[in-house]
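Q: structure here, sequence nowhere to be found:
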């Protein structure tokens, strides 16, 4: 079979490798769609401390069951499935407390286990044990199902800051995850949802699809003033920083409404992880700051349900569909800002 083998920064090539053999507690799937994300681009350019090359990367996975280990229950040959990315152990204190997203023994597809940038992939026992395989409804395409995992991450973040009716939500960052946040906040019943970015071209591309109540080009507009105008001088009740920007995090704390909630969704670069925070602003305005990291198997199921019901449409967010041979072009499309969501289809030819 063909697979994209990552051997180190800037070293990713499609190679012919043996088809993986399925163990008694595993399942094998034919990968029909594996969406790409900013994390894939970070791995490609800089590596990752939890990933030891060589490895098949890719973690936003949907496909078809083609072989089952003798001890696997609940799946059948031909089942259309979506697979979780972050794999909780189910046994640590965090998992027992229902906080599987911060499992202290977490492993991940495309990191510790070969991922989805391949024609075939083993679903490891750890994923099956965590109930991390979800059946895709017939009317949902593999491409759409591959967007389940990033939507689940957005769902986790918004649940932590309780987005709902009455909220004015500002999403800072108009990439694919920002678009998902806009649509998810709408589905949660937010009154107004705003989208902002410093890249006017990317903002225009995304706004043409998601139609936020107001799009703010931060390169030419004063975000604080626009938000004050849009919220009667109060500020957004929720701000989600969906970009790896310390400046965005700092500004969010400056302009969020008193009593507001801020989600630090986008992680910062490892060499610039510090920001400046006026603690008195947080103290006197009673602000809530929440981190957000990954998602749980249950949130993946919920996210797939939101896609299937139409509550959070994703098909029109997929702007590029590329064969596995063009995986490097897919990663470039992610980083260039010329795409919203990019999906690799391993079974197709260039």
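A: On my side now, so go ahead. Everything numeric in this text was worked out from a predicted model, so none of it was measured.
Q: residue nearest the centroid of the protein?
A: For the chain, the residue sitting closest to the mean C-alpha position, by CA atoms, centre = their mean, is residue 150 at 2.3 Å.
Q: show me what contacts it?
A: Taking CB atoms under 8 Å, 6 or more residues apart in numbering as the criterion, residue 150 is in contact with 35, 37, 60, 176, 177, 180. The way it works is simple: take the backbone N, C-alpha and C, and place the C-beta from them, glycine included.
Q: next one: it relative to residue 183, how far apart?
A: In this view, residue 150 and residue 183 are 12 Å apart by CB to CB, to the nearest Å.
Q: mind listing what's buried along the helix or strand of the chain with the lowest mean pLDDT?
A: None of the helices or strands of the chain scores lower by mean pLDDT, DSSP states H and E than helix 38-46, at a mean of 90. Of the residues in helix 38-46, 38, 39, 40, 41, 42, 43, 44 count as buried by neighbour count, 16 or more other CB atoms under 10 Å.
Q: closest one to residue 305 out of the residues you listed, please.
A: Nearest to residue 305, judged by CB to CB, of the buried residues of helix 38-46 is residue 39 at 23.9 Å.
Q: about what we covered before: which residues are contacting the very next helix or strand once past the least confident helix or strand of the chain?
A: Where DSSP states H and E defines the elements, the next helix or strand beyond helix 38-46 is strand 55-56. Residues outside strand 55-56 that contact it (CB under 8 Å, 6+ apart): 3, 4, 5, 6, 110, 111, 114, 115, 116, 117, 118, 121.
Q: which positions in whatever helix or strand the first one lives in come out as buried?
A: Put plainly, it is residue 3. Here residue 3 sits within strand 2-8, counting by DSSP H and E. Residues of strand 2-8 classed as buried: 2, 3, 4, 5, 6 (neighbour count, 16+ other CB under 10 Å).
Q: which residues touch that strand?
A: By CB under 8 Å, 6+ apart, the surrounding residues in contact with strand 2-8 are 12-17, 43-44, 47, 51, 53-58, 114, 117-119, 324-325, 327, 346.
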